[in-house]
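**Student:** give the three-dimensional model of this entry:
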Amino acid sequence: MSKQILVRRAANAVITDEYNCDFRRLYPWQDVVDTPLWGGAWAYVKPGGNTSLHSHDEHETFIVTAGTGEMTVDGNSQPVQAGDVIYLPPFSKHNIRNVSESEQLAVLCIWWGGAEADARMAEMVDSARNAKKSA
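**Tutor:** The predicted structure is shown next:
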């Protein structure tokens, strides 16, 4: 028995403006019924730009996949570059700035835990399931 391979093509990605950057959510995924109760997204920060300073109730990890930046967490800043991994504890105020004037900064964001985050993801999963049923 062969299983289907689901591929979400970058060329067809839905990019939204969230946290002052181009944001591509990984889940929920309409074709995947068992969407996890964790979130993930690609964040693309334009040259010279930065994400908005924010905090939330979940844990988060940033994986810098391209470019160079400056990560600020609770007022403390450090330079970051492709290959670096950053852990953000719940309720930490954070943002990332692209220090390049010519290259995009790309970050894979993964978040989990926290009652508010779990409720948001459950709502998004239900919405995706309902969209699939009505399709």
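**Student:** show me where the chain has its helices.
**Tutor:** Counting by DSSP state H, one finds helices in the chain at the ranges 115-134.
**Student:** middle-most residue in it, spatially?
**Tutor:** Ala41 (2.7 Å; Cα atoms, centre = their mean).
**Student:** distance of that residue from Asn98?
**Tutor:** Distance of Ala41 to Asn98, computed by Cβ to Cβ, to the nearest Å: 17 Å. The C-beta positions use only the backbone N, C-alpha and C, and glycine is treated the same way.
**Student:** Val73 and Pro90 touch, don't they?
**Tutor:** No: applying Cβ atoms under 8 Å as the test, Val73 and Pro90 come out as separate, 12.0 Å apart.
**Student:** report the helix or strand with the lowest average pLDDT across this structure.
**Tutor:** Lowest mean confidence among the helices and strands of the chain (mean pLDDT, DSSP states H and E): helix 115-134, at a mean of 73.
**Student:** list the buried residues in that one.
**Tutor:** 117-118, 120-121, 124-125, 128-129 (16 or more other Cβ atoms under 10 Å).
**Student:** from the contact counts, what lies against that helix?
**Tutor:** strand 38-45 (3 or more Cβ pairs under 8 Å, 6 or more residues apart in numbering; DSSP states H and E).
**Student:** got the contact list for the strand it packs on?
**Tutor:** 15, 18-19, 21-27, 51, 58, 62, 67, 69, 96-98, 104-112, 117, 120-121 (Cβ atoms under 8 Å, 6 or more residues apart in numbering).
**Student:** between helix 115-134 and that strand, find me the angle.
**Tutor:** Orientation of strand 38-45 against helix 115-134 (axes from the mean of the first three to the mean of the last three Cα atoms, to 10 degrees) gives an angle of 90 degrees.
**Student:** export strand 38-45 as PDB, just CAs?
**Tutor:** C-alpha atoms of strand 38-45 as PDB (Å, rounded to 0.1, in the frame of the first residue of the first chain):
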ATOM      1  CA  TRP A  38       2.300  23.500  17.800                       C
ATOM      2  CA  GLY A  39       2.800  26.200  15.400                       C
ATOM      3  CA  GLY A  40       5.500  26.900  12.800                       C
ATOM      4  CA  ALA A  41       6.100  29.600  10.200                       C
ATOM      5  CA  TRP A  42       8.800  31.000   8.000                       C
ATOM      6  CA  ALA A  43       9.500  34.700   8.800                       C
ATOM      7  CA  TYR A  44      11.200  36.800   6.200                       C
ATOM      8  CA  VAL A  45      12.500  40.200   7.300                       C
END
